[in-house]
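>>> How does the following fold in three dimensions:
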Amino acid sequence: MITLAEAKLHLRLITDLTDADSYTAEDAHIQGLISAAYRHAEAVTRTTLERRSKTLVLDGFPAGSQAIELPWTPVEAVESLEYVDPDGIEQSLAAETLRLDTRPIYPRLAPQWGSLWPATTDEPECVSITATAGAAELPADIRAALLLLVGHFYENREAVVIGTISSAIPFSVETLLAPYVIHSVG
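Presented below is the predicted three-dimensional model:
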């Protein structure tokens with residue numbers, strides 16, 4: 001995670017990480033820029049960069065023991081899986097009854113070998129899966145791209161700049177993020 005102190009150092013608002021508390025006038029604004037940089041990089045790469053809990057809600061389990069593809073990558077662990085059984089009672093599946101396959105680009109969740117998904121009620125939104133998604137540690141090039149974005153957002157506070165000539169910096173954000181982009185087909 002890019003810290004507020006790192007962003008301030010990158011923006012040249014402080015000269016040392018220990019000086020982070022000496023300049024606090026724009027902390028909320030800079031923190032918002034960090035969040036915006038993460039969201040942009042996550043949208044470009046289709047990867048969860050900032051570690052957090054994510055929830056997937058389904059209208060039921062797939063047939064038999066078919067796997068559920070989780071829409072985030074990477075996924076570290078499944079925190080919980082709740083479902084409503086045919087009697088309308090909310091149930092939980094313990095982590096040891098599940099198999100998380102993190103080898104594909106988008107991880108898949110299935111019941112343990114030889115098991116089937118339990119029956120659910122015939123109502124929408126009867127299955128809820130919560131997982132920890134995101135990278136444990138950011139690669140250096142993604143960190144650099146995020147800091148470049150924070151710097152760009154900080155310096156360009158308006159949607160339109162009039163009276164200047166600008167050009168993209170070669171080998172900048174897009175180039176740094178390119179190796180991590182998950183391409184889609186169709």
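
>>> Quick one: end-to-end distance for stretch 166-181.
Terminal residues of stretch 166-181 are spaced 26 Å apart (CA to CA, to the nearest Å).

>>> pull the longest strand from this protein.
In the chain, assigned by DSSP state E, the strand with the most residues is strand 75-84.

>>> Would you mark the buried spots in that one?
Of the residues in strand 75-84, 75-76, 78, 81, 83-84 count as buried by neighbour count, 16 or more other CB atoms under 10 Å. Backbone N, C-alpha and C define where each C-beta goes, glycine included.

>>> how near is Ala77 to Gln31?
Ala77 sits 27 Å away from Gln31, going by CB to CB, to the nearest Å.

>>> three-state assignment of the spatially most central residue of the chain?
Nearest to the geometric centre of the chain sits Thr48, at 2.4 Å (CA atoms, centre = their mean). Assigned with DSSP: H, G, I helix; E, B strand; the rest coil, Thr48 falls in the coil class.

>>> Lowest pLDDT pick from the buried residues of strand 75-84?
Lowest pLDDT among the buried residues of strand 75-84: Glu76, with 93.

>>> ok, the residue nearest to that one when sequence neighbours are not counted - contacts?
Once flanking residues are discounted, Glu76 sits nearest to Thr132: 4.5 Å by CB to CB, 6 or more residues apart in numbering. By CB atoms under 8 Å, 6 or more residues apart in numbering, the contact list for Thr132 reads 51-54, 75-77, 79.
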